[in-house]
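Peer 1: any chance you could fold what I've pasted below:
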Amino acid sequence: MNSVAPPVSRGGAVEGAAEVVRTYQAWEGSNKFCLGGRLIFGPDVRSVFLSVILIVAPAAIFCVFVARKLMDKFSGHWGTAIMVVFIVFTIYVLVLLLLTSSRDPGIIPRNAQPPEPENYENSLEFVSGQTPRLPRTKDVIVNGAIVKVKYCDTCMLYRPPRCSHCSICDNCVERFDHHCPWVGQCIGLRNYRFFFMFVFSSTLLCLYVHGFCWVYIKKIMDSEKSSIWKAMTNTPASIVLIIYTFLSLWFVGGLSIFHLYLISTNQTTYENFRYQYSRRANPYNKGTVQNFLEIFCTGVPPSKNKFRAKVQRKAETPSHSVSARFIVSNLGNDKRDQEKVSWDERGDGALSTGSNRITLADSDNMMGNRQ
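Peer 2: Numbers count the residues shown, from 1 in each chain. Below you'll find the predicted structure:
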């Protein structure tokens, strides 16, 4: 009796068998990966190249038409120092841009299946015309204050405090601040420090260029004994850079001041616009000094994702899959009896959902673990 060989897919693998790939190759978010999953960008990674051009182009003009001329205007090594400091500082800004845009911002891995519903006496109730339901929100306690955490339908998990789902990257991100189009990446727990350093360093770079352009104009005035207007006509590149850096300072300088305020009060951009802590107490505020230490003097927690690990690619499931049968909705009056989960930032916390458990270390402990 002749046997029939199993169908073979285009890649040569037996159809129906699970394909083993790297995690980044089976990634369900909208991210773009480079160097075999070692670098992770947002879907709008092209904007990073625009940001690089906006930095490198004026930097090249400054080096050629201003800094090079200042090397002749200053005696000794002062002119050379102006050029060297500028080049090193520009490279530093570009490195911060890469660190911000190419690292995991704090993505929480998705669950393979939704958690089991709670408060159903440990069993699923199937009523005619209805399906098991999960509560849309849960209450957790942060430093004595009640905070609501939401269920994410896409990631099939209850988001930890300060976590939000980015609609652009399609991921839940810890301590979500915002999605920055200029760096093409979400800003969250693991890259916020580098984002602020990038913005603040860009502000200093603009001030550096702006200031030395005026110094070069003053040197022309002194050497030619001319008016400021005539000196400015002799260096049109300086005028272009002065206008460019002046306009840029309104943007990066304003962002720096705004984020200094957010850091001092331990807020995120998302929380500032949505929750308005000016009207109620901020449970995350530890005082100005401790808030700054939390951002700049603690370790970056390791990524929860191993993008190069080998996994089995998920087979396409029909629309009536198990996850689709769970409807997340408010439970009305029944939700009032829901047990509140204690969340202490100075101890280990957990969000318990039936048999599934999401365990997250507190913010102080997470910051203590270096990548």
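
Peer 1: what kind of secondary structure is Cys206 in?
Peer 2: When classified by DSSP: H, G, I helix; E, B strand; the rest coil, Cys206 comes out as helix.

Peer 1: could you look up the SS state of the closest residue to it other than its chain neighbours?
Peer 2: Spatially, and ignoring its direct neighbours in sequence, Cys206 is nearest to Thr245 (4.3 Å; Cβ to Cβ, 6 or more residues apart in numbering). C-betas here are computed from N, CA, C, even on glycine. Classification of Thr245 using three-state DSSP returns helix.

Peer 1: how deep is Cys63 tucked in, by neighbour count?
Peer 2: Using other Cβ atoms under 10 Å, Cys63 has 15 neighbouring residues.

Peer 1: re earlier: and for the residue nearest to Cys206, the neighbour number?
Peer 2: 21.

Peer 1: what mean pLDDT does the helix or strand harbouring Ile217 have?
Peer 2: Assigning secondary structure by DSSP states H and E places Ile217 in helix 192-224. Throughout helix 192-224, pLDDT has a mean value of 95.

Peer 1: which parts of it are buried?
Peer 2: 192-203, 205-206, 208-210, 212-213, 216-217, 219-221 (16 or more other Cβ atoms under 10 Å).

Peer 1: go on, stretch 107-117?
Peer 2: Ile107, Ile108, Pro109, Arg110, Asn111, Pro114, Pro115, Glu116, Pro117.

Peer 1: from what I can see the first one touches Asn305, true?
Peer 2: Yes. Ile107 lies in contact with Asn305 (Cβ atoms under 8 Å); the separation is 5.8 Å.

Peer 1: tell me the contacts of the residue lying closest to Phe65 once chain neighbours are set aside?
Peer 2: In space, and not counting its chain neighbours, Phe65 is closest to Ala237: 3.6 Å by Cβ to Cβ, 6+ apart. Contacts for Ala237 (Cβ atoms under 8 Å, 6 or more residues apart in numbering) come out as Ile61, Phe62, Val64, Phe65, Val66.

Peer 1: show me what contacts the fourth one?
Peer 2: Residues in contact with Phe65 (Cβ under 8 Å, 6+ apart) are Thr235, Ala237, Ser238.

Peer 1: roughly how far apart are Leu39 and Leu50?
Peer 2: 18 Å (Cβ to Cβ, to the nearest Å).

Peer 1: neighbour count: those two, which is higher?
Peer 2: Leu39 (18 against 13).

Peer 1: so what's the backbone phi/psi at the closest residue to that one other than its chain neighbours?
Peer 2: In space, and not counting its chain neighbours, Leu39 is closest to Ser102: 4.2 Å by Cβ to Cβ, 6+ apart. Here is the backbone geometry of Ser102 (degrees, to the nearest 10): phi -110, psi 10.

Peer 1: measure how buried Ser102 is and give me the count.
Peer 2: Neighbours around Ser102, by other Cβ under 10 Å: 22.

Peer 1: swap in Ala281?
Peer 2: Neighbours around Ala281, by other Cβ under 10 Å: 10.
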